[in-house]
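# have a look at this prediction, sequence included:
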Amino acid sequence: MAADETRAQQARQIVDANQYMVLGTAAASGQPWASPVWFAHADYHEYVWISSPEARHSRNIAERPQVGIVIFDSRVPVGAGQGVYLSCEATLASDGDLDRLLEVFNRRSVAAGGAVLAQSDVDAPSGKFRLYRAVASKASMLAKDGEADHRVRVQLADESPAEDQS
């Protein structure tokens, strides 16, 4: 198996094996904020989660939709860590996508022993949560090639071919 496909397979395994991602947002002023959120994904390209629209990361997304996401297993020994780094555009789920994205969320939630959400659970004004989505434009991992830490592009889903990314 080629190195690019091996790395992509490893990245997909990391995404599938972990239930929480760290969502990096920034306020309009640039003040950073990181939040762990439970997530589901559609084809390793689209990531969904629920949050209160009043949560700091949700307010940040409303002001600045560019986000960074890291998915990693924190239980591995020192030096063995690996994660998937995603550059994304995040938004509230639109009415046209809500049913499809709820299905993605609920499929993973049920498999993990969680509840099924109805549209009323994430729809204004009755629901206290909203469904958010992030669409990945780039995915990368640490190269782990003996050189100083640097990332290499990983092709998780249908996108352009893998290439180096600093």
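It's in.
# is the residue nearest to the spatial centre of the chain part of a helix or strand, or is it coil?
When Cα atoms, centre = their mean is applied to the chain, the residue found nearest the centroid is Tyr47 (4.6 Å). Using DSSP: H, G, I helix; E, B strand; the rest coil, the secondary structure recorded for Tyr47 is strand.
# bridging residues for it?
Tyr47 has these beta-bridge partners by DSSP bridges: His41, Ala134.
# residues touching it, list them.
Residues near Tyr47 by Cβ atoms under 8 Å, 6 or more residues apart in numbering: Met21, Phe39, Ala40, His41, Ile69, Leu86, Cys88, Arg133, Ala134, Ala136. For the C-beta atoms, the positions are set from N, CA and C on the backbone; glycine is no exception.
# give the rounded mean pLDDT of the lengthiest helix in the chain.
Taking DSSP state H as the criterion, the chain has its longest helix at helix 95-111. Per-residue pLDDT over helix 95-111 has a mean of 96.
# ok, so what distance separates the residue nearest to the centre of the chain from Val37?
Note on Tyr47: its distance to Val37, by Cβ to Cβ, to the nearest Å, is 9 Å.
# any idea which of the contacts of Tyr47 has the most stuff around it?
Leu86 (28 neighbours; other Cβ atoms under 10 Å).
# give the contact list for the nearest residue to it once chain neighbours are set aside.
Spatial nearest neighbour of Leu86, chain neighbours left out: Ile69 (4.1 Å); criterion: Cβ to Cβ, 6 or more residues apart in numbering. If you count contacts by Cβ under 8 Å, 6+ apart, Ile69 has them with Met21, Val22, Leu23, Gly24, Tyr47, Tyr85, Leu86, Cys88, Ala134, Ala136.
# what of Val116?
By Cβ under 8 Å, 6+ apart, the neighbours of Val116 are Asn106, Ser109, Val110.
# and which of the contacts of Ile69 is nearest to Ser94?
Of all the contacts of Ile69, Ser94 sits closest to Ala134, with 13.5 Å by Cβ to Cβ.
# show me the contacts for the closest one.
Leu23, Glu46, Tyr47, Val48, Val67, Ile69, Leu86, Cys88, Glu89, Ala90.
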